[in-house]
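In: the sequence and its predicted three-dimensional model are supplied below.
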Amino acid sequence: MSYRDVYAAWQADPEAFWMEQAKAVDWIKPPSHALDDARAPFYDWYADGILNTCYNALDRHVEAGRGDQAAIIYDSPITGAKATLSYAELTEKTARLAGALAARGVGKGDRVIIYMPMVPEALMAMLACARLGAVHSVVFGGFAAHELAVRINDATPKAIVAASCGIEPGRVIAYKPLVDAAIAQSSHKPDFTLILQRDQQRAELRDGYDFDWHEAQTGVAPAPCTPVGGMDPLYILYTSGTTGQPKGVLRPNGGHAVSLLWTMTNIYNVTPGEVFWAASDVGWVVGHSYICYAPLLLGATTVVFEGKPVGTPDAGTFWRVIAEHGVVSFFTAPTAFRAIKREDPEGRLVDGYDLSRLRALFLAGERADPDTIIWTQKQLGVPVIDHWWQTETGFSIVANPLGIEELPVKLGSPTVAMPGYDVQILDEGGNPVAPGTLGAIAIKLPLPPGTLPSLWNADERFKKAYLTTFPGYYETGDAGMIDDDGYLYIMARTDDVINVAGHRLSTGAMEEVLAGHKDVAECAVVGVEDALKGQLPLAFLCLNKGCAKPEAEIVAECVALVRNQIGPVAAFKLGCVVDRLPKTRSGKILRATMAKIADGADWKMPATIDDPAILDEIRIALQNLGYAKQVAPN
Ligand code: COA
Ligand code: AMP
């Protein structure tokens, strides 16, 4: 069947399509139907099905004879460690960990926050929660204690599972003090913590509250798989919205297993027993879907890589891992290849590695610039596939489905809509526009199985954030166009979200932190272009009258504030002091215009601007920082 046939089959009968795909999952009680739209605009998938995601990811493969096959290959150039865990070992360790959590009261529906670096135990913790029907919420290690506290208050977890430390190039980051500080800051107090002690820095454990990962498991019975309903949440993953309060994206068990299995075969073109590698982090959606769940649901081998594309030890690390472990399908963010290309523009470090087993590279998380795609294709000699998705969807909305057919690549486009997604470009009034016309990218409801049914404890926010602007559609927050062949092009975000090294960040959240500086009267943060990370946050700061402190000192304090409150991952280092911010006559800050001036892009004087002269001050401040190369509006 061609892609067109598959997409048409879904369009003709979505219910039959998704019931067919559901057969790839082992259900305790198979669902009688796929979609239930009785609560529209909230949609349920496989609501009366009963399953366990951990069983599908682990036990069933052991029962089917894959016990000795590698489930996880751990490769940590940053510590020098390497290990392989078979499906039998991973199942046994996960069941025992689940037993330890259950013995301390964690059960179905309870939340557990996981704050861990890229070690196999992070996956074990996720799977142990899934085994118990508990709901995990993994928090990326690059977030500071305050961000962790916000998530503790929102998810109200029974427990926190953490490692004693994470390791970044040149420094060890003690996680446990961050966990302690977060618990001290939050009004909700988890019942206990479970800590994986790492040799690089061990944590101090308080008797009766902090339990050692291994000791907690001694004498505990392995936990069986708890049956859960298709719509019971598997996890909550917080992602940036427009404010400092992150959105708790919910992932239901049933649709998640079905849709991920569909993608492994039809998009990534992987078969059970093959090695799949997603170089991301378990703290992001790519890590949830493609480091942990999808490869294991399929019975493939997943690579857990603890390192960076460059500097651990060099820009050849990715090539080594692909060659050494026989990776057939590889997934990362374009920024990783920009980093490699910068260090090794000629691709000299590729020489000597046997990459012959690699069949394709997939890129997502940010715009894939044609230069990076072409360079990478040249080094690897395999198709480089851009695909577009979001934390909210959990799998790609638009992709090139290599498992069905390899569609021609058009540089700059992540290709075409996947079954389940009716993607449309809408004008401001919510009307579909002609091919080739820019507009808001929206998806006709219902979204397919596995996508977010709502936000954790926030149905109204879910409706307001995604379903209100264009009734009958899900608003993606991205703008772009579709060409005559149905290829989608993603151009920009329509909200205050920026994308820094493939990490999704909220400029609104940074503004909230900066407004907390005692000398800052008003501020605006915009995303400016960066050759390595795609975008970087840049702040304009207006100070209180009479503030005598040197401007450089205030900028440095602001940088430290964001690092301490949000975390190093914000990569916030650029700030300038200005007298006033450009606004419309109704008082709206003209962030998009400032960003365009910074990038030296074409920009138009907004008709509604209150005082055009302010833009001159902005331009001068930006030029002092090395931005705003183009002088005037066109
Ligand atoms: N724990 C603690 N700190 C972390 C962290 C973690 N898990 N991950 C990143 N940080 C820190 C970094 O050490 C860095 O700190 P610094 O300001 O002291 O240098 C800061 O957060 C910013 O990190 P990052 O944006 O990753 O920048 P970098 O300069 O360390 O590395 C790249 C740049 C391009 C090599 C890196 O971003 C990368 O590998 N990206 C791959 C893309 C990716 O995985 N995207 C995920 C979505 S698919
Ligand atoms: P996240 O939820 O962190 O996965 O970020 C999702 C956002 O990243 C999307 O809404 C886009 O803005 C951006 N994004 C993800 N993949 C792509 C892509 N292939 N091309 C362009 N932008 C992308």
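Out: Perfect, thanks for sending it. Ligands and ions are numbered 1, 2, ... in the order given.

In: quick check: longest helix of this protein.
Out: What stands out as the longest helix in the chain, according to DSSP state H, is helix 87-103.

In: so D191 sits against L101, correct?
Out: No: contact criterion C-beta atoms under 8 Å: D191 and L101 do not qualify, at 10.7 Å. For the C-beta atoms, the positions are set from N, CA and C on the backbone; glycine is no exception.

In: out of these two, which sits in the busier spot?
Out: The residue with more neighbours, out of D191 and L101, is L101; 29 against 13, by other C-beta atoms under 10 Å.

In: and the closest residue in space to H387 that isn't next to it in sequence, how many residues sit next to it?
Out: Nearest residue to H387, sequence neighbours excluded (C-beta to C-beta, 6 or more residues apart in numbering): A399, at 3.6 Å. A399: 27 surrounding residues under other C-beta under 10 Å.

In: how about the strands of the stretch 401-550 of the chain, start to end?
Out: For the stretch 401-550 of the chain, applying DSSP state E, counting those that start in this stretch gives strands covering 416-417, 423-426, 439-444, 473-482, 488-493, 497-500, 503-506, 520-530, 534-543.

In: would you format those as CSV with mean pLDDT, mean neighbour count and distance to ligand 2 included?
Out: Putting those into CSV (pLDDT from 0 to 100; neighbours: other C-beta atoms under 10 Å; distance: least, C-beta to the nearest ligand atom, whole Å) gives the following:
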stretch, mean pLDDT, mean neighbour count, distance to ligand 2
strand 416-417, 98, 22, 13
strand 423-426, 98, 20, 13
strand 439-444, 98, 21, 9
strand 473-482, 97, 21, 5
strand 488-493, 94, 18, 4
strand 497-500, 94, 21, 5
strand 503-506, 94, 24, 3
strand 520-530, 96, 21, 11
strand 534-543, 97, 23, 9
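
In: could you dump the ones you listed into CSV with distance to ligand 1 added?
Out: Listed next are these as CSV, based on distance: least, C-beta to the nearest ligand atom, whole Å:
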stretch, distance to ligand 1
strand 416-417, 21
strand 423-426, 21
strand 439-444, 20
strand 473-482, 16
strand 488-493, 15
strand 497-500, 6
strand 503-506, 6
strand 520-530, 10
strand 534-543, 9
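
In: can you tell me the number of residues neighbouring the one residue in the stretch 1-150 of the chain that gets nearest to ligand 2?
Out: Proximity of the stretch 1-150 of the chain to ligand 2 (C-beta to the nearest ligand atom) peaks at F140, 10.4 Å away. A total of 20 residues lie near F140 under the criterion other C-beta under 10 Å.

In: could you report the distance from it to ligand 1?
Out: Noted for F140: a distance of 6 Å to ligand 1, by C-beta to the nearest ligand atom, to the nearest Å.

In: next, the closest residue in space to that residue that isn't next to it in sequence: secondary structure please.
Out: Distances taken as C-beta to C-beta, 6+ apart place G283 nearest to F140, at 2.7 Å, with adjacent residues excluded. The local conformation at G283, judged by DSSP: H, G, I helix; E, B strand; the rest coil, is coil.

In: so what touches whichever strand or helix holds T593?
Out: In this assignment (DSSP states H and E), T593 forms part of helix 591-599. Outside helix 591-599, the residues within contact range by C-beta atoms under 8 Å, 6 or more residues apart in numbering are 496, 507, 524-529, 538, 540, 582, 602-603, 606, 609, 615, 618-619, 622, 627-628, 630.

In: and stretch 517-530, how far from the chain's centre?
Out: The chain centre lies 24 Å from the centre of stretch 517-530; the measure is C-alpha atoms, centre = their mean, to the nearest Å.

In: can you start the count at 889 instead of 1 from here on
Out: Let's use 889 as the start, then, which means that last one is stretch 1405-1418.
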